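In: Mind looking at a prediction? Sequence and model below.
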Amino acid sequence: MTDVIASPQQQNERSEQNGQPVLSHDQSPGAAEVAIIVPSYNCEHYVEQTLKSLLDQGEALRRVRCVILTDDCSKDDTIKVAREVWNGAAPLVVFDSARNRGEYRNMNECIARLPSSVKWYLVMHADNMAKPGWLEMLLNRIDNADERVGTICTSWDNLNEDGSIVTGDNSEPPTPQRIAGNAASVLGTIKKGCWWHISSCATRVDVYRQIGGLPAGFRLKGDWDFLLRLLGAGWDIEYVPQALMLYRNNPNGSSSISFRRHHDIYETLQILQRHHGVMSAADLMTFHGQQIGTLSRRFVGGVVRGHWERAIVTVPTSGFVIRSLAKCLLEKSLGRRRFQWCSSVDSRMEPMLAILSKKMADFYSLPKTRDAYQRMIDSEASAQPQTEDGLRAAVLSDDPKNILEVGCGSGRIYERLRKQGYRGNYTGVEMSTNVIADNKKRFPEADWHVGSGYQLPVADEVQDAVFSYYVLEHCAFPERFLSELLRVVRPGGKMVLTFPDMRRCRMFPSQACGPDARTAKEHLRSLRPISAGIRLLDSRVRLPQAVLKWTSAERRGAFPVNLNPVCLEETVEITPDFDAIYLSSREEVGDWALKKGCRVEFPSGEEGVLSANALIQITKPN
């Protein structure tokens, strides 16, 4: 995560200084694969009761690697109380923070710090309480979970401020239920609401990271969005219908205050707009009608009780509901043709982008897809001799001793660099295991690695030249990709990139146009003039206008990415740039480099072929 306060090593050093047990990456192989996470913020009045409820879990606590109090910069004595009360069989590790980041970022950063040996985590918020048998039940279910289960949750009781309890499910026997990760479950969960709670659940660490964690920018409905993404990504959920946690309702908390201002309605519809693809038009109208009904009741209640602010705010909120319905119905009518573009540096979109990144990684890694894709990019028909010649010339200028290629593919450019006389050190990074294995056999003298452009297996500032050939446009997080490449370039070294300039050519081949994958000519041959007209409208009018709008000076967000590229459609033919998800622009990349203090050059010019295909050299400052 970009705003992690301390690395695991720094956190361990801090824990050692404070006399706390260390959560290291090299504990004994027999250590448990499960950690309990206790998120906290100003909970000194509750945390003792919470931790004592964990201590009361008995022998089951010995099966846990550690309990982590991940504190979000509390201003009270939450951490002090926690350290004083804890004397359990599992060590207590404290992750503190220098600033408050909010509940969801706090959780995301805690998960990011976990060592690879921790496979599952359990959550118990610092103002909640575990009931007897909570830990043993979840650990036993983890032991029996198959590879498709992403999370296991139990029911819970709600503890009101006056001490009354609203009980949850308590089936006898508490037979676990399996909810399949598919579109039907997503639809059912949209209609029902969030039946899963992050507190009192067990979740695979890899699943949490794969779907992007909890969504920044939300305060109330993050659990619901996480649940919808998890089901939409194909992960099953196991639900144990037994209330094994007391969930404390705090009327002075941010949730209650937000409800009074109808933020729950806003967040509900913002999340719906991410996932409404599984709903029919009738479903959408019914769902939005329910929100209007809720606001009507709140208006009447506000007037009757004299809560005028609550009543008045229902008016603009109702307008938002109407606009949301219109937007959803319009997108529903467009179907595959809708523009699902977003800024890849918008933290609110990170979870959706994480899922896209995982889908793209799968697309490039599957042998069948990869073989066809590699044949396409290595074919003469796909060759870009002017850009490739210019790239190699730029890389070899200044006689580099160390070269790194990110997205090296089959090693074609490396082979040509050798033919041009390069005898320095070469490192190639590619995400396909099969491709790298083949490269190692064909070119054993070079250094080949399976890896991602977001986390290169290379030390800081050691490469004279780093380059990528038509890779940037395929990244779900292009700014992270650029930053990672710049990290490994030595001061005075260079980064050389080629990518299509979508703004100049006013094209975005990964965007679906027309009612299906057929071209306008194919529709005309099939006597489908309306479909042909729609295809032409999309490709000649709607798409070019959208490209200019997103890449203009007043663009709607930096480093825009297509969340629904045509390459993920099963029936689409593999063609050049049908997987180019970043709306790449030399102006945006150049502006980014200049802000980093780098020198930006176009070594082969910007005319002809190099107008629509950018060849840019970025020199790192000394």
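Out: Nice, I can see it.

In: Neighbours of Gln270, how many?
Out: Using other C-beta atoms under 10 Å, Gln270 has 17 neighbouring residues. Heads up, the C-betas are built off the backbone N, CA and C, glycines and all.

In: how much space between it and Ser333?
Out: The gap separating Gln270 from Ser333 is 20 Å, by C-beta to C-beta, to the nearest Å.

In: can you check Val313 too?
Out: Taking C-beta to C-beta, one finds Val313 at 31 Å from Ser333.

In: and what of Glu161?
Out: Between Glu161 and Ser333 the computed distance is 47 Å (C-beta to C-beta).

In: can you tell me which residues contact the residue nearest to Val471 when sequence neighbours are not counted?
Out: Nearest non-adjacent residue to Val471, counting by C-beta to C-beta, 6 or more residues apart in numbering: Gly407, 3.5 Å away. Gly407 makes contact with Val429, Glu430, Gly453, Ser468, Tyr469, Tyr470, Val471, His474, according to C-beta atoms under 8 Å, 6 or more residues apart in numbering.

In: Now render these as a markdown table, adding neighbour count, secondary structure and distance to Leu55.
Out: Listed next are those as a markdown table, based on neighbours: other C-beta atoms under 10 Å; DSSP: H, G, I helix; E, B strand; the rest coil; distance: C-beta to C-beta, whole Å:
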| residue | neighbour count | secondary structure | distance to Leu55 |
| --- | --- | --- | --- |
| Val429 | 23 | strand | 47 |
| Glu430 | 24 | strand | 49 |
| Gly453 | 22 | coil | 45 |
| Ser468 | 25 | strand | 52 |
| Tyr469 | 24 | strand | 57 |
| Tyr470 | 23 | coil | 57 |
| Val471 | 21 | coil | 51 |
| His474 | 24 | helix | 50 |
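
In: mind showing which ranges of the stretch 301-450 of the chain have poor pLDDT?
Out: 370, 373-374, 376-377, 380-383 (pLDDT under 70).

In: which residues of it fall in strands?
Out: For the stretch 301-450 of the chain, strands defined by DSSP state E, counting those that start in this stretch occupy the ranges 341-343, 402-406, 425-430, 447-450.

In: got CSV for those strands, with distance to Val566 too?
Out: As requested, the strands of the stretch 301-450 of the chain are exported to CSV (distance: least, C-beta to C-beta, whole Å):
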stretch, distance to Val566
strand 341-343, 13
strand 402-406, 24
strand 425-430, 23
strand 447-450, 27
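
In: Provide a list of residue ranges in this protein with pLDDT below threshold.
Out: 1-32, 250-260, 370, 373-374, 376-377, 380-383, 553-555, 571-572.

In: which helix is the longest one in it?
Out: When the chain is parsed with DSSP state H, its longest helix is helix 281-305.

In: who touches it?
Out: Contacts for helix 281-305 (C-beta under 8 Å, 6+ apart): 187, 190-191, 262, 265, 268-269, 272, 276, 279, 307-312, 314, 317-318, 321-322, 324-325, 328-329, 332.

In: what residues are up against the residue nearest to Pro603 when sequence neighbours are not counted?
Out: Spatial nearest neighbour of Pro603, chain neighbours left out: Ala394 (4.5 Å); criterion: C-beta to C-beta, 6+ apart. Contact analysis of Ala394 by C-beta under 8 Å, 6+ apart lists Phe467, Lys494, Val496, Pro603, Ser604, Leu615, Gln617.

In: Recalculate using a threshold of 7 Å.
Out: Residues near Ala394 by C-beta atoms under 7 Å, 6 or more residues apart in numbering: Val496, Pro603, Gln617.

In: Just the residues you listed: which are in strands?
Out: Val496, Gln617 (DSSP state E).

In: Among the contacts of Ala394, which one lies nearest to Val566?
Out: The closest of these to Val566 turns out to be Val496 (C-beta to C-beta; 28.8 Å).

In: tally of neighbours for that closest one?
Out: Residues lying near Val496 (other C-beta under 10 Å) number 27.

In: What distance do you get for it to Gly163?
Out: 67 Å.

In: go on, Glu607?
Out: 77 Å.

In: Repeat that for Tyr426.
Out: 69 Å.

In: Mind checking which of these two has more residues around it?
Out: Using other C-beta under 10 Å, the more surrounded residue of Tyr426 and Gly163 is Tyr426, with 22 against 6.

In: Any idea what that one is bridged to?
Out: Taking DSSP bridges as the rule, Tyr426 bridges to Ile403.

In: can you pull the contacts of it?
Out: Tyr426 neighbours (C-beta under 7 Å, 6+ apart): Ile403, Tyr414, Ala446, Asp447.

In: ok, those vs Cys567, which is closest?
Out: Tyr414 (25.5 Å).

In: Settle this for me: the closest one is touching Gly428, isn't it.
Out: Yes. If you go by C-beta atoms under 7 Å, Tyr414 and Gly428 touch, sitting 6.1 Å apart.

In: who touches both of these two?
Out: Shared contacts of Tyr414 and Gly428 (C-beta under 7 Å, 6+ apart): Glu405, Cys408, Ala446.

In: and Leu69, what are its phi and psi?
Out: Dihedral angles of Leu69 (phi, psi; degrees, to the nearest 10) stand at phi -90, psi 110.

In: what about it, neighbour count?
Out: 27.

In: so what's Thr167 closest to, chain neighbours aside?
Out: Asp157 (5.2 Å).

In: Against Leu244, how distant is the one you found?
Out: Distance from Asp157 to Leu244, by C-beta to C-beta: 9 Å.

In: more crowded one of the two?
Out: Leu244 (23 against 17).

In: so the more buried one sits in a strand?
Out: Yes. The assignment for Leu244 is a strand, going by DSSP: H, G, I helix; E, B strand; the rest coil.

In: Who are the contact partners of it?
Out: When contacts are counted by C-beta under 7 Å, 6+ apart, Leu244 is found next to Ala130, Lys131, Gly133, Trp134, Met137, Thr154, Ser200.
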